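J.: A structural model of the following input is requested.
(chains A and B)
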Amino acid sequence: MKNLINTILLALLIGVTVSAQNGYKIGDTAKDFSLKGVDGKMHSLADMKDAKGFIVTFTCNHCPYAIMYEDRLVALQNEFGPQGYHVVAINPNDPEVKPDDSFENMIIRAEEKKFNFPYLIDEGQQLYPVFGATKTPHVFLLDKELQVKYIGAIDDNARNADEVDERFLANAINALEAGKNPDPAMTKAIGCSIKTK
Amino acid sequence: MKCSFIILILSCILSYCDAQVKVYEKFDDMEEEILTNISADTTYVVNFWATWCGPCIKELPYFEELNALYSNQAFKQILVSLDDPKKLESKVIPFLTKNKIKSKVVLLADGKANNWIDKVDPSWSGAIPITLILKGDKKLFFEKEFHSTFEIEEEMLVLFNN
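T.: Just a heads-up that it's a prediction; the model follows:
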């Protein structure tokens, strides 16, 4: 009986693990989307016609780890936007669970931090599971054909931008520019779980 | 001025007595002390949390209750805080004192998370809370929020009773 229970629990555990790994993997081609931005307009990747790639970043207002990277996202857009790689920030949280992450508060935060990139809301939380985002911040680098080239962290030190040793995302973009595949193509960082009911 | 300084020192000493939190600068040191160097007949519940993490705070009372239920048995619980080490005195310790947290708490200050997340569990995405249940060479890993003491206990007993 105990063995049976163990087997069932193990099966459940494997089930949970597998379902947590849904979403895009390196090499997959992402589907374009249309989400409302803090400017009140709908945004799609296809709108950015000159783009060579997209830094799709799931982020939000409330999470301390997301906040630590706000200035670095602005800096990334300044550095790589002119080269054709654009930051696209998406808030995946349910505002009813986390009122800080409401559309109205996104508008305020984008203004306060002078976001120089679209900040979009995943209304109805349909998009983040397609990508397989699990936390904020969580970055997916796509090339111009929307092929997923890099997934993970912006760099290796969330708490202190001055003590970063490896700029994972910047290195990944530079690899694409050099016609290579990013290495590492996947990294991990601590983040806040995506808030759902 | 002098008075407020003395009060500050006193309150620090008092809160330190209430809640001792060992800070690990490197994950490997913490791993060696609390994840690897464990006795084979004891069940360990290790929960990664932070004071800024809403779901973590919500499930904390369940872990506290579990700790109280099994305190006299072959059971140990460790709450690993991922708070900013600079906020240990200003946020973490006051939180532990206010909420009368009795479980052992340590703080992992190692910012190079990409180097150690997979060592905790390769399936971990990096979001918290997570919970590890360990006994001997067996390990269960949960990247989720628990909603009752019994829900943790049920998982824990799988290893505890074997």
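J.: how near is residue A:187 to residue A:171?
T.: Counting by CB to CB, to the nearest Å, the gap from residue A:187 to residue A:171 is 10 Å. C-beta: built from backbone N, CA, C; applies to glycine.
J.: what about the two, which has more around it?
T.: Using other CB atoms under 10 Å in any protein chain shown as the criterion, residue A:187 and residue A:171 rank with residue A:187 on top: 23 against 15.
J.: got the phi and psi for the more buried one?
T.: In terms of degrees, to the nearest 10, the main-chain angles of residue A:187 are phi -140, psi 170.
J.: so it touches residue A:154, yeah?
T.: No. The criterion here is CB atoms under 8 Å, and residue A:187 misses it with residue A:154 at 9.1 Å.
J.: show me what the host helix or strand of residue B:119 is packed against.
T.: Following DSSP states H and E, one finds residue B:119 within helix B:113-120. When contacts are defined as 3 or more CB pairs under 8 Å, 6 or more residues apart in numbering or on different chains; DSSP states H and E, helix B:113-120 packs onto helix B:27-30.
J.: near chain A at all, the helix it packs on?
T.: No. Using CB under 8 Å from any CB of the partner chain, helix B:27-30 stays clear of chain A, with a minimum separation of 11.5 Å.
J.: list the contacts of the very next helix or strand once past that helix.
T.: Next along the chain after helix B:27-30, taking DSSP H and E as the criterion, comes strand B:43-49. Applying CB atoms under 8 Å, 6 or more residues apart in numbering or on different chains, the contact partners of strand B:43-49 are B:34-35, B:38, B:56-57, B:59-60, B:63, B:66-67, B:70, B:74-82, B:108, B:120, B:128-135, B:152, B:156, B:159-160.
J.: so where do the strands sit in chain B?
T.: B:21-24, B:43-49, B:75-81, B:104-108, B:127-128, B:130-135, B:138-142 (DSSP state E).
J.: anything in the last one near chain A?
T.: Yes. Counting by CB under 8 Å from any CB, chain A is contacted by strand B:138-142 at B:140, B:141, B:142.
J.: which one among those gets closest to residue A:24?
T.: Nearest to residue A:24, judged by CB to CB, of the residues of strand B:138-142 next to chain A is residue B:141 at 22.8 Å.
J.: where does pLDDT dip in chain A?
T.: Of all residues in chain A, those with pLDDT under 70 make up the ranges A:1-21.
J.: which residue ranges of it form strands?
T.: Counting by DSSP E, chain A has these strands, from start to end: A:35-37, A:42-43, A:53-58, A:85-91, A:119-121, A:135-136, A:138-143, A:148-152, A:191-193.
J.: so does stretch A:92-106 get close to chain B?
T.: Yes. Judged by CB under 8 Å from any CB, stretch A:92-106 comes into contact with chain B through residue A:98.
J.: end-to-end on that stretch?
T.: 12 Å (CA to CA, to the nearest Å).
J.: what do you get for stretch A:116-126?
T.: 25 Å.
J.: returning to that earlier point: any idea how far the helix holding residue B:119 is from the chain center?
T.: Centroid separation for helix B:113-120 versus its chain: 17 Å, with CA atoms, centre = their mean, to the nearest Å.
J.: kindly indicate which of the residues of strand B:138-142 next to chain A lies nearest residue A:122.
T.: Distances from residue A:122 to those, taken by CB to CB, are shortest for residue B:142, at 25.2 Å.
J.: dump the residue contacts of the closest one.
T.: With CB under 8 Å, 6+ apart, residue B:142 has these contacts: A:16, B:130, B:131, B:132, B:133, B:155.
J.: can you check residue B:106 too?
T.: Contact partners of residue B:106, counting by CB under 8 Å, 6+ apart, are B:21, B:22, B:23, B:24, B:30, B:34, B:78, B:79, B:80, B:81.
J.: still on that earlier bit, and the least confident of the contacts of residue B:142?
T.: Among those, residue A:16 has the lowest pLDDT, at 46.
J.: tabulate the strands of chain A (CSV), appending distance to chain B.
T.: Below are the strands of chain A laid out as CSV (distance: least, CB to the nearest CB, whole Å):
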stretch, distance to chain B
strand A:35-37, 22
strand A:42-43, 26
strand A:53-58, 11
strand A:85-91, 15
strand A:119-121, 19
strand A:135-136, 4
strand A:138-143, 8
strand A:148-152, 7
strand A:191-193, 4
